[in-house]
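S.K.: Just to be clear, the model below is a prediction. Sequence and coordinates:
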Amino acid sequence: MTVATMPTDNLTLQIVPCTVEEVLAYQHSALVARFQEKLGLTHEEAVQFFNDIKRFLYLCAVSPETISPNETLDFGWHEFILFTRDYNHFCQNYFGRFIHHRPRHPDDPPTKGEGGKRALALAHKVFGNNLSENWRYPRLEGAGSDPCDNCGCNAACNDG
């Protein structure tokens, strides 16, 4: 697959073989049920949560830089990865490649929240300002550290 790029406000995004609408149309009832059970969400809340995870993964696929999820989206990403075959199929089918979750290495320098800041800024550019509560980065609002600096999960979506 040839990956083309498209400019967006001084940022060149990678082109993927799908639209965000196609990504959002993907359904996984077992994962939605898992969110309901584990998090006590209503069906509608669990669907919204899964949609936000798919949005984040779409951003991972199009972003030229490493981005990091907040703790909420990272939890959902972990749960999706547990369905290994489904997650692999989803990534290959919608993005043409596997979106890797790179845990933080002990020797990695602190990120100072840059991955989270990039993710949130890109989410606003691509999806607008009406993001759900699942997109809150409370540590960026407060202490200014990346949540993954503290939880041990860098959650970088890249091929490294």
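M.R.: Thanks, I have it.
S.K.: Strands of this structure, start to end?
M.R.: Secondary structure of the chain (DSSP state E): strands at 5-8, 11-14, 100-102, 156-158.
S.K.: least reliable of the ones you listed going by mean pLDDT?
M.R.: For the strands of the chain, the weakest mean pLDDT is recorded on strand 5-8, namely a mean of 42.
S.K.: What is the end-to-end distance of stretch 107-117?
M.R.: Using Cα to Cα, to the nearest Å, one end of stretch 107-117 lies 22 Å from the other.
S.K.: And it, how far out from the chain middle?
M.R.: Distance, stretch centre to chain centre, for stretch 107-117: 16 Å (Cα atoms, centre = their mean, to the nearest Å).
S.K.: Tell me which residues of that stretch come out buried.
M.R.: Within stretch 107-117, the residues scored as buried using 16 or more other Cβ atoms under 10 Å are Thr111, Gly113, Gly115, Gly116, Lys117. All C-beta spots, glycine's among them, are computed from the backbone N, C-alpha and C.
S.K.: and what of stretch 26-35?
M.R.: Result for stretch 26-35 [16+ other Cβ under 10 Å]: buried residues Tyr26, His28, Leu31, Val32, Arg34, Phe35.
S.K.: Also stretch 42-53?
M.R.: Going by neighbour count (16+ other Cβ under 10 Å), the buried part of stretch 42-53 is Glu45, Ala46, Val47, Gln48, Phe49, Phe50, Asn51, Asp52, Ile53.
S.K.: how about the residue nearest the centre of the chain, what does it touch?
M.R.: Among the residues of the chain, the one closest to the centroid is Phe56, at 2.7 Å (Cα atoms, centre = their mean). Phe56 is in contact with Pro69, Leu73, Trp77, Ala119, Ala123, counting by Cβ atoms under 8 Å, 6 or more residues apart in numbering.
S.K.: Swap in 7 Å and give it another go.
M.R.: By Cβ atoms under 7 Å, 6 or more residues apart in numbering, the contact list for Phe56 reads Pro69, Leu73, Trp77.
S.K.: so how far is Val23 from it?
M.R.: Using Cβ to Cβ, to the nearest Å, Phe56 is found at 10 Å from Val23.
S.K.: Verify the stated contact: Arg55 with Phe127.
M.R.: Yes. In terms of Cβ atoms under 7 Å, Arg55 counts as a neighbour of Phe127; the distance is 6.2 Å.
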